[in-house]
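>>> Next come a sequence and a model predicted from it.
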Amino acid sequence: MRNHAFIKRIAALLMAALIFAGTLAACGGGTAAADTTASPGETTAPETEAESTEIPDNLPDDLDFGGRHFRIGYMDPGVYIAASIVLEETGEVVNDAVFEANNKVAERFNIVFEPIELAGNSLDPVKSAVLAGDNAYEACGGHDITIGNLCLSGIFRDVNSLPYLDYEKPWWPAYSVDSLTVAGHMVLISNYMSYWNLDSTRLFYVNKKLMQDYGFEMPYDAVREGTWTLDMLVSQMKDVYSDLNGNGERDKDDLYGWASPDDCYAMQESFGITPIKEDENGVLYIDINNERNMSIINDILSALKNTDGGIVFEVFDIPRDIFMAGNCLYFYSTLNFATTKLRESDVEYGMVPVPKYDELQENYISGSTDRPFAVPITVDSDEFIGVIIEAMSAEGYKIVRPAYFDIALKNKYAYDEDSAEMLDIIGNTIVLDFSYIYSDYGGFAWTLMNLLTPSNKNDFASYVAKNEKKAQKRVDKLNEFFASFDG
């Protein structure tokens with residue numbers, strides 16, 4: 001799953017991020033969809049020539065599909081359809097950006113977008129249609145692990161066999177393309193066909209007042225210099241604690257350096273832990289039980305379980321509420337948190353990428369739990385599918401992405417221009433990790449989350465030993481699946 005080109009591409013994207021971040025700074029000072037209505041008193045950001053809007057695609061301009069419908073079936077339709085297909089304008093910034101992107105594609109190629117709500121909030125209708133030989137969908141999108149599991153039934157195309165998909169373009173996140181490709185085959189699409197990949201990308205929020213109160217420097221310069229590491233995060237959060245309610249107990253009403261739920265999705269991959277890897281022959285194998293991975297997991301466990309400033313809650317919303325009350329220095333969450341819940345809070349905050357484990361880690365990595373797309377094997381026109389997927393992805397990147405960032409950086413959400421630069425770095429280092437999405441709700445992709453559960457007393461070594469046989473069976477199944485594309 002690793003290749004030589006994508007590291008260079010990440011570096012190039014991060015260089016471009018500095019340009020784009022300056023533009024964003026000038027523009028604005030598993031949850032519900034982003035609330036993109038401007039708050040009272042907010043002014044509309046001035047329109048600017050964002051660098052991203054000038055990147056051309058490589059699609060022909062003389063194609064006319066004669067009003068053909070591009071049908072996408074959706075799980076979680078109430079929130080997921082709006083992230084990629086919008087049929088009318090509402091005055092909301094991101095909604096209208098999606099509408100504009102859709103119209104640009106539809107008019108350019110003479111097509112009609114048709115979102116289809118899947119009955120029972122399930123992918124079963126797609127599976128039934130494919131098994132019956134019915135060309136009922138050009139694509140479908142679903143819950144990450146649900147669609148990952150459904151891939152193994154053999155009903156989806158290898159999208160690498162489609163024409164026009166240009167993975168060198170920035171609307172194909174390099175880490176995600178690399179992660180999801182095995183032996184030259186990629187079945188799931190995680191890119192800018194939808195803004196959900198941004199919405200579900202993880203980062204750290206920082207309480208700026210608490211940073212000042214405790215005499216800490218915001219880590220912006222450290223991020224720029226490549227020295228923003230887990231050790232730096234722990235050094236700031238480990239002693240930040242106050243028994244605010246005076247009851248002598250560590251509870252939800254106290255102040256912490258880092259409060260976390262045990263379900264900290266996508267965190268271990270943000271530190272470069274990829275439990276399933278690919279060898280030079282395109283064969284998957286398990287690579288979890290090594291010194292680096294053990295050190296990362298143990299350092300995070302120690303920070304959250306064994307310091308005064310750390311605490312883990314099994315109730316997912318409690319750490320969020322602590323941060324929104326102004327009583328948490330660092331909080332790990334999605335970008336969606338900035339565009340929804342944080343509008344209810346008066347906390348002055350900054351945003352930074354998940355730190356590197358150490359300075360030897362080449363780049364920052366931003367884990368995501370995207371709801372990816374897949375293409376059924378029953379589709380009848382590779383050209384139609386390839387063109388529209390590439391066009392949707394390109395316009396999503398060029399039109400929707402800047403609008404989404406503008407909302408995340410509006411006055412009520414972000415209070416400094418540095419966060420614009422941080423947000424662009426985050427947006428350029430997104431990964432939907434193969435080990436997670438093909439995990440079947442278990443395996444070593446869940447190592448950190450399972451070990452963080454307060455009641456879990458297992459250590460890293462015993463956890464690995466306990467789960468290795470089951471994990472190997474899954475890897476064997478995945479190898480068989482990807483080998484099937486070669487006949």
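Thanks, I have the structure now. Numbering: from 1, shown residues only.

>>> Kindly state the beta-bridge partners for His185.
Per DSSP bridges, the residues bridged to His185 are Val182.

>>> pretty sure it is touching Asp158, no?
Yes: His185 is within contact range of Asp158, at 4.5 Å (criterion: C-beta atoms under 8 Å). All C-beta spots, glycine's among them, are computed from the backbone N, C-alpha and C.

>>> all strands for the stretch 51-200 of the chain, in order.
Here the stretch 51-200 of the chain has its strands, by DSSP state E, counting those that start in this stretch, at 68-74, 111-117, 139-141.

>>> State the mean pLDDT of the shortest one.
When pLDDT is averaged over strand 139-141, the result is 97.

>>> Most tightly packed of the strands of the stretch 51-200 of the chain?
strand 139-141 (a mean of 28; mean count of other C-beta atoms under 10 Å).

>>> what about the strands in the stretch 201-350 of the chain?
202-207, 241-242, 255-261, 276-278, 284-286, 310-313, 328-334, 349-352.

>>> Which of those strands sits closest to Tyr214?
strand 328-334 (7.3 Å; C-beta to C-beta).

>>> Return the list of strands paired to that closest one, each annotated with direction.
Sheet pairing for strand 328-334, using DSSP bridges, gives strand 202-207 (antiparallel), strand 255-261 (parallel).

>>> how about those strands, which one is nearest Ser393?
Closest approach to Ser393 among those is made by strand 202-207 (21.6 Å; C-beta to C-beta).

>>> just how off-centre is the closest one within its chain?
14 Å (C-alpha atoms, centre = their mean, to the nearest Å).

>>> Stretch 190-205 too?
4 Å.

>>> do stretch 157-168 as well
21 Å.

>>> Dump the C-alpha coordinates for that stretch into CSV.
In CSV, the C-alpha atoms belonging to stretch 157-168 read as follows (Å, rounded to 0.1, in the frame of the first residue of the first chain):
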residue,chain,number,x,y,z
ARG,A,157,-15.5,-2.7,-9.5
ASP,A,158,-11.8,-2.1,-9.2
VAL,A,159,-12.0,1.7,-9.8
ASN,A,160,-8.4,1.6,-11.1
SER,A,161,-9.8,0.1,-14.2
LEU,A,162,-11.9,3.2,-15.0
PRO,A,163,-10.6,5.9,-17.3
TYR,A,164,-9.8,9.5,-16.5
LEU,A,165,-9.1,9.1,-12.7
ASP,A,166,-6.0,11.2,-12.2
TYR,A,167,-4.5,10.3,-8.8
GLU,A,168,-1.8,13.0,-9.2
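
>>> can you pull the buried residues of that stretch?
157-159, 162, 164-165, 167 (16 or more other C-beta atoms under 10 Å).

>>> cool, stretch 330-348 as well?
So, applying 16+ other C-beta under 10 Å, buried residues of stretch 330-348: 330-342, 345, 347-348.

>>> between the residues you listed, which is nearest Ala303?
Tyr330 (9.9 Å).

>>> For the closest one, list each beta-bridge partner.
Beta-bridge partners, per DSSP bridges, of Tyr330: Val206, Trp258.

>>> hang on, the earlier thing: residues in contact with both of His185 and Asp158, list them for me.
Overlap of the contact sets of His185 and Asp158 (by C-beta atoms under 8 Å, 6 or more residues apart in numbering) consists of Phe485.

>>> Got the domain ranges for the chain?
When the chain is parsed with automatic domain parsing, its domains come out as 5-199+370-431, 202-367+438-486.

>>> Can you flag the weakest of those by average pLDDT?
Note on the domains of the chain: domain 5-199+370-431 shows the lowest mean pLDDT, a mean of 84.

>>> roughly how far is that one from the heart of the chain?
That offset, for domain 5-199+370-431, works out to 12 Å (C-alpha atoms, centre = their mean).

>>> same check, this time on stretch 235-254
Worked out by C-alpha atoms, centre = their mean, stretch 235-254 lies 31 Å from the chain centre.

>>> where do the helices sit along the stretch 301-450 of the chain?
317-324, 336-339, 382-395, 401-408, 418-427, 434-437, 447-452 (DSSP state H, counting those that start in this stretch).

>>> Which elements pack onto the second one?
Just to be clear, that refers to helix 336-339. helix 401-408 (3 or more C-beta pairs under 8 Å, 6 or more residues apart in numbering; DSSP states H and E).

>>> buried ones in the helix it packs on?
For helix 401-408, the neighbour count (16+ other C-beta under 10 Å) marks 401-408 as buried.

>>> repeat for stretch 99-113
Neighbour-count burial for stretch 99-113 [16+ other C-beta under 10 Å]: 99-102, 104-106, 108-109, 111, 113.

>>> which residues touch it?
Here stretch 99-113 makes contact (C-beta under 8 Å, 6+ apart) with 61, 63-70, 72, 85-89, 387-388, 391-392, 395-396, 398-400.

>>> Centre of the chain to stretch 349-365, how far?
With C-alpha atoms, centre = their mean, you get 15 Å for stretch 349-365.

>>> measure it end to end?
The first residue of stretch 349-365 is 21 Å away from its last residue (C-alpha to C-alpha, to the nearest Å).

>>> quick revisit: got a PyMOL select line for the buried ones in the contacts of stretch 99-113?
Buried members of those, defined by 16+ other C-beta under 10 Å, are picked up in PyMOL with:
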select buried, resi 63+65+68+70+72+85+86+387+388+391+392+395+396+398+399+400
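
>>> for the host helix or strand of Ala465, which positions count as buried?
Here Ala465 sits within helix 460-483, counting by DSSP states H and E. Buried residues in helix 460-483, defined by neighbour count with 16+ other C-beta under 10 Å: 460, 463-464, 467, 471, 474-475, 478-479, 481-482.
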